[in-house]
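Enquirer: attaching a predicted model along with its sequence, questions to come.
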Amino acid sequence: MRVNANQITALRIILLPLPLFLIYGNTLCRIIALVIFTILGLTDYLDGVMARRYGVTPLGRLLDPIADKIFLAVTAVPLVDLGMLPIWIVWLIFFREFLITEMRRFMTPDKKGLRVTELAKLKTTIQMIGMGLILLNSTFPDKLITISFLSGLFLATIFLAVAMWAKGQEITQRVKSALLFESIGLLAASVLGVDSLNIFYGLMILGVTILSGGQYFLACLPSVSKKGFGVWMDIIYSLLIPLVVLGLLPWAPKNAHFLAILILAIEFAVQGIDMWAVQENRFDLSNLKKKIFIPTLLIIFILMFVARVNFSLIVGTFFVASALFSLSYLILDIWKHSELFRKGDFF
């Protein structure tokens, strides 16, 4: 049986917990985590090539962006937990990811084929490489490894550009962008200290993420606005659980970041499934969040706060309840839309 793009994407999702736990180990564990992250990042390119060669399936359109966003959660949240990256940068990155995905869910049926922009593809690459550089930079604070890696990457890109020029091919925008970002990253690594460099790389990731989100926001805005104020409220409701959990992370109990990653991953998954269901004119389960799950979470939070329960315990309870609600919703979502998965060409 031939391995297809969907199976590779699913394997990437399944293997992501392995490097997640290695990040918290010693230097050798982090090196292994970086190697695994690199291999998993390359599978993103591989399944894209296979999808273009053999055809893109509806399941593939669902799985690939979910895998990319889970990859982001698995890399970004530990960097915050380990003090390598400020929470506000990561929060804004995830705000963009959740907002744009949710807005795309409300696109009109004739716009369901909204194409992934070139900047969005670059954004995913910048996120993957940037998070890896921050981990590399923090693991080897003398920056020798970081500068060596970026120098090698820069030279390889130059050779690629020269080879394209020698063959009479036009140097693609992607190659030009790679040269630009690699040179900026290399220059920054040469002049900034470790902590400042981490923030600089984080801001680069955030900037590209926001810019790419702006393109989708403007494309989706007319369709979303036509549906009225209620849709905007639905969007806000859908963002509450993941963004509140992420915002509360600095006050969460020890090891709660693993729950946060689980919640983010599940919320990305259900967003993708809901968008797929709406675009296929299937029943939308998201009202469960608006009418049951989120009000229940807020009531639990408020009652514990009024009762003057220790804030850390309130946050921990909120994390556990959010994880249970998100997991329950995911199970219901998959069950309700099982027909979509059955015809998704996984095998």
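Expert: All right, it came through fine. This structure is a prediction, so every number in the text was calculated from the model and none was measured. Numbers count the residues shown, from 1 in each chain.
Enquirer: select the longest helix from this structure.
Expert: Of all segments of type helix in the chain, defined using DSSP state H, the longest is helix 194-226.
Enquirer: what about it, average pLDDT?
Expert: The pLDDT scores in helix 194-226 average 90.
Enquirer: after it comes which helix or strand?
Expert: The helix or strand immediately downstream of helix 194-226 is helix 229-247, counting by DSSP states H and E.
Enquirer: that following helix: how far from the chain's middle?
Expert: Distance of helix 229-247 from its chain centroid, counting by C-alpha atoms, centre = their mean, to the nearest Å, is 17 Å.
Enquirer: who are the packing partners of it?
Expert: helix 87-105, helix 194-226, helix 256-279, helix 294-306, helix 311-336 (3 or more C-beta pairs under 8 Å, 6 or more residues apart in numbering; DSSP states H and E). Every C-beta, even on glycine, is put in place using the N, C-alpha and C of the backbone.
Enquirer: state the helix or strand in which Lys69 lies.
Expert: helix 58-81.
Enquirer: including distance to Thr43 and mean neighbour count, could the helices and strands packed on helix 229-247 go into TSV?
Expert: Converted to TSV, the helices and strands packed on helix 229-247 look like this (distance: least, C-beta to C-beta, whole Å; neighbours: other C-beta atoms under 10 Å):
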stretch	distance to Thr43	mean neighbour count
helix 87-105	20	20
helix 194-226	21	17
helix 256-279	17	22
helix 294-306	35	14
helix 311-336	23	17
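Enquirer: of all those helices, which one is nearest Val244?
Expert: Val244 lies closest to helix 311-336 among those, at 7.7 Å (C-beta to C-beta).
Enquirer: tell me the centre residue of this protein?
Expert: The centroid of the chain falls nearest to Lys69 when counting by C-alpha atoms, centre = their mean (2.3 Å).
Enquirer: give the contact list for the residue nearest to Lys143 when sequence neighbours are not counted.
Expert: Take Lys143 and drop its neighbours on the chain: the residue closest to it by C-beta to C-beta, 6 or more residues apart in numbering is Ala189, 5.6 Å away. By C-beta atoms under 8 Å, 6 or more residues apart in numbering, the residues touching Ala189 are 137, 143, 146-147, 150, 197.
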